[in-house]
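Colleague: fold the following and give me the result.
(chains A and B)
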Amino acid sequence: MNKVLLSGNEAIARGAYEAGVQIATGYPGTPSSEILATIAKKYKDDIYAEWSTNEKVAMDVAAGAAYSGRRTMVTTKQVGMNVLSDALLYTVYTGTERGLVIITADDPGMFSSQNEQDNRWYTKLAKIPLLEPADSQEAKDFVVLGIGLSEEFDTPVLIRTTMRVSHSKSIVLEGERPSVPQKVGPFVRDQQKYVCTAMWAKKRHPVVEQRLVNLARYAEDAPCNHVEWAEHSLGIITSGATYAYAREVFPQASFLKLGMTFPLPEELIRSFANGVEKLIVIEELDPFLEEQIRAMGIDVIGKEIFPPYDELLPDRLTQLALESGLIDEAKGMTHSVTVPTDLPARTPVLCAGCPHRSTYYWLNKMKMPVAGDIGCYNLGCLPPFNAQHTMGCMGASVGVLHGMSIAGVPEHAVATIGDSTFFHSGMPALLNMVHNQSRGVVIIMDNGTTAMTGHQDNPGTDWTLQGKDAPHVELEPLVCAMGVEKVLTVNAFDIGEVERGLKECLAYDGPSVLITKGLCAQLDRTPKTSYMVNPNKCIACGACLKLGCPAIVKADKVDEKTGEPKAEIDPGLCVGCDICRQVCPVEAIQISKGRESQGER
Amino acid sequence: MKNISFLVAGVGGQGTLLASDILAEVGMEAGYDVKKSDVLGLAIRGGSVLSHVRWGEKVASPVVRKGDMDYLLALEPLEAMRGVEFLHPKSIVLCNTKAMPPITVSGGSEVYPPREEVMRVLQSAAATVYFVDASAEAERLGNLKVANVVMLGAFSTLLDVPRKTWESVILSRIPQKYVALNQHAFHTGCSVVKRSQPS
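Modeller: Next comes the predicted model:
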């Protein structure tokens, strides 16, 4: 067997291959995005993969494919599960013809999410089995196991990773792909199973309940649940990445390591509990295991020691274990030099050459309220722009803008939303504005990609995940067809055009759309020349610094009159987008002759 | 066998993750169990990037406790300073000297720590600190982006793994047209540490 070093997400992709999955769908979202990217790159000939327009669509597509006789996988980040869940809940009743697994990549520690929700609860709500891999080997194996369970019990299966499992790498032994059908037969006509009309769905509910009982029986002997006996004074029940941390912090303890965490193996837990003097549950986020174990009448300690927020990394786990007396002393942690507290922060910034910069420059100057959305442009909420005043979930900006408008906010408000986010869930909200007629400017920041999650395709690109040609959906005619009467498209790299467009839309008494168009700086490959500041002309007014461009820095030279530092451009970062030249009042910024930009292209 | 733990620190866009991937893979090729964990922030570029890499007979956690890191490979001095709490008195640090001031500094609201302060903090935290001007070496080779490979070359001289293992892992990760450049960068790194005095 081939031994490879894979991230959890790469291992899940490998698992799909080895499970005979033939269709994989999803919507990009950190920390899940690399799963479909890997499938598209490495298993293109064996697995069809697509970025769907949103997670619910991805789940409906997966249902249709699994009904049709293909093994199928759906991927989402944790908050995408909220979008996906409507479609999940009917597939629980219908079951499928072939295996269907859903991967949710949760984000304890909130590295790139708006909340820290624990998606394990979805399995209790939906009444489906839950698998939690602890490392890359398990991530791969559990996809194979999940497809097997899905087919054996006729149910969708949820596999929950966390950022640490998805983005950590460990060694994986690769297996083979089973033979899979090349063609499927005619579509199944089993209405009482696949039509969830109340009269038929009502008969499916007892089936779902019985299935859970059968799954609980399976869990008792499931190979993914196992006991590791050591000292009997302390027993630890845990799952997922937390298992690895706990193994390190409690090397002497006995472990019940659960790979399947819903439904739980009650007898196994009871016998483990009886074999130890003290029983604790270590789980990140909510007391999902703890509450169920308590409900079995088993005395267990969990959240009173390990808080339901943030990761339980080895450092924190050690600290909590020391404070609660679970361990007497810790290895390591003997010599910790503290980090100086006054180190400058390295907050993420819009890239040099970002097309969003011009919009936030004006939104900051014009001081109007801005309903924001999910994407790189969320950085518009930070200095020097401070120009985003709400942000909640995908597509929320347009609905929030409408709400502000009908509430009677005295200022003219705007929403900022990216192209992919607009396709994802902004469109219904814009239709709502049109139908219910409110005043407000929706700025669609069209950078031609789904940038923040790694430049995935969307309906606005002319290619698909698997590199096929696709019709490029133009935003302006789309928005016009939706009934918006005031629509303008401007060049995002022309600061004057953005200003004029914004002012014209703001003056319009009704719903309007301003499309600020400019290719993402990370995708623009056209050779450009970097810029420089002429120190003899620069008056140190700081206008260019208000652009928040990482290439523009304060120079050592100061203005003789004011003592303020002049500006300087780092040729290694500048990509020659031209925006700073346009805002300079004294034409001090010019093309650096003969110097091709060395900035990231 | 005791685990060997590495902290790799840098700024988004510097190739920090590629460097830590290579370090992990070199460990695997050298016969160790290997785990690594990256923290990727919100934005693709410009943020701090931290990777934990561990080699050992059997590695449990991919994330290392403070005070347990044996090596710090830093592609940027400020990011090296952020990593000192992970070090112990016998740790070894290899740090690129080229500063990349964050926008909080270039925008003028905060101050980048002076070179002497960087040295003082790193030396107080570790047994040995090496500084390498990898960015200058990379620029001399004609491409700033290979500074990470220069650093890997320098780092390879501190570890007991054959040079050809490093080279084969690095070259397997590099597109064909950049192979010669990266080979150069690696060799440059190997000789740079020999020239520089441990401080």
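
Colleague: drop to CA atoms for contacts and neighbour counts, all remaining ones
Modeller: Fine.

Colleague: doesn't A:His455 make contact with A:Asp419?
Modeller: No - A:Asp419 is beyond contact range of A:His455, at 11.9 Å (criterion: C-alpha atoms under 8 Å).

Colleague: which one's more surrounded, the two?
Modeller: For A:Asp419 and A:His455, the more surrounded residue by other C-alpha atoms under 10 Å in any protein chain shown is A:Asp419, and the numbers stand at 26 against 15.

Colleague: now the more buried one, nearest residue through space, not along the chain?
Modeller: A:Asp446 (4.9 Å; C-alpha to C-alpha, 6 or more residues apart in numbering or on different chains).

Colleague: now that neighbour: how far from A:Thr516?
Modeller: 6 Å (C-alpha to C-alpha, to the nearest Å).

Colleague: next: A:Ala481.
Modeller: Distance from A:Ala481 to A:Thr516, by C-alpha to C-alpha: 19 Å.

Colleague: B:Gly10 now?
Modeller: 33 Å.

Colleague: how close does B:Glu57 sit to B:Ala30?
Modeller: Distance of B:Glu57 to B:Ala30, computed by C-alpha to C-alpha: 11 Å.

Colleague: now do the strands in chain B.
Modeller: Secondary structure of chain B (DSSP state E): strands located at B:4-11, B:33-39, B:48-56, B:69-74, B:87-96, B:128-132.

Colleague: so for chain A, which of these sits nearest?
Modeller: Nearest to chain A among the strands of chain B is strand B:33-39; the distance by C-alpha to the nearest C-alpha comes to 4.2 Å.

Colleague: can you give the contact residues for the closest one?
Modeller: A:164, A:167-171, B:17, B:20-21, B:24-25, B:27-28, B:49-59, B:61-63 (C-alpha atoms under 8 Å, 6 or more residues apart in numbering or on different chains).

Colleague: within the sheet, what are the partner strands of it, with directions?
Modeller: Paired strands of strand B:33-39, with direction, are strand A:169-173 (antiparallel), strand B:48-56 (antiparallel) (DSSP bridges).

Colleague: picking that back up, can I get the strands of chain B in TSV with mean neighbour count and mean pLDDT?
Modeller: Formatted as TSV, those follow (neighbours: other C-alpha atoms under 10 Å in any protein chain shown; pLDDT from 0 to 100):
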stretch	mean neighbour count	mean pLDDT
strand B:4-11	26	96
strand B:33-39	25	93
strand B:48-56	24	95
strand B:69-74	25	98
strand B:87-96	24	96
strand B:128-132	21	96
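
Colleague: so for A:Ala13, which of those strands sits nearest?
Modeller: The closest of the strands of chain B to A:Ala13 is strand B:33-39. By C-alpha to C-alpha, the value is 18.4 Å.

Colleague: okay, angle between that closest one and strand B:4-11 too, please.
Modeller: Relative orientation of strand B:33-39 versus strand B:4-11 (axes from the mean of the first three to the mean of the last three C-alpha atoms, to 10 degrees): 30 degrees.

Colleague: just checking, what packs against the lowest-mean-pLDDT helix or strand in chain B?
Modeller: Lowest mean confidence among the helices and strands of chain B (mean pLDDT, DSSP states H and E): helix B:103-106, at a mean of 80. If contacts are counted by 3 or more C-alpha pairs under 8 Å, 6 or more residues apart in numbering or on different chains; DSSP states H and E, helix B:103-106 sits against strand A:552-558.

Colleague: I would like the residues contacting the strand it packs on, please.
Modeller: With C-alpha under 8 Å, 6+ apart as the criterion, strand A:552-558 contacts A:535, A:540, A:544-545, A:564-570, B:103, B:106-108.

Colleague: would you check which pair of those lies furthest apart?
Modeller: A:Pro535 and B:Ile103 (20.4 Å).

Colleague: settle it for me: which of A:Ala481 and A:Thr516 has more neighbours?
Modeller: Between A:Ala481 and A:Thr516, counted using other C-alpha under 10 Å, A:Thr516 has the larger neighbour count: 27 against 10.

Colleague: mind giving me the packing neighbours of the one helix or strand the more buried one maps to?
Modeller: Using DSSP states H and E, A:Thr516 sits in strand A:511-517. With contacts defined as 3+ C-alpha pairs under 8 Å, 6+ apart, strand A:511-517 has these neighbours: strand A:440-446, helix A:475-481, strand A:486-491, helix A:495-506.

Colleague: and for that strand, what's in contact with it?
Modeller: A:355, A:359, A:433-434, A:437-448, A:475-476, A:479, A:484-492, A:498, A:501-502, A:505.

Colleague: for chain B, just list every one of the helices.
Modeller: Per DSSP state H, chain B carries helices over the ranges B:16-29, B:77-82, B:103-106, B:115-125, B:134-141, B:147-156, B:163-172, B:179-195.

Colleague: go on, the stretch 251-400 of chain A?
Modeller: For the stretch 251-400 of chain A, the helices defined by DSSP state H, counting those that start in this stretch occupy A:266-274, A:288-295, A:314-323, A:357-366, A:396-407.

Colleague: quick revisit: okay if I get the helices and strands packed on strand A:511-517 as a markdown table plus mean pLDDT?
Modeller: A markdown table is the format used below for the helices and strands packed on strand A:511-517 (pLDDT from 0 to 100):
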| stretch | mean pLDDT |
| --- | --- |
| strand A:440-446 | 98 |
| helix A:475-481 | 98 |
| strand A:486-491 | 98 |
| helix A:495-506 | 98 |
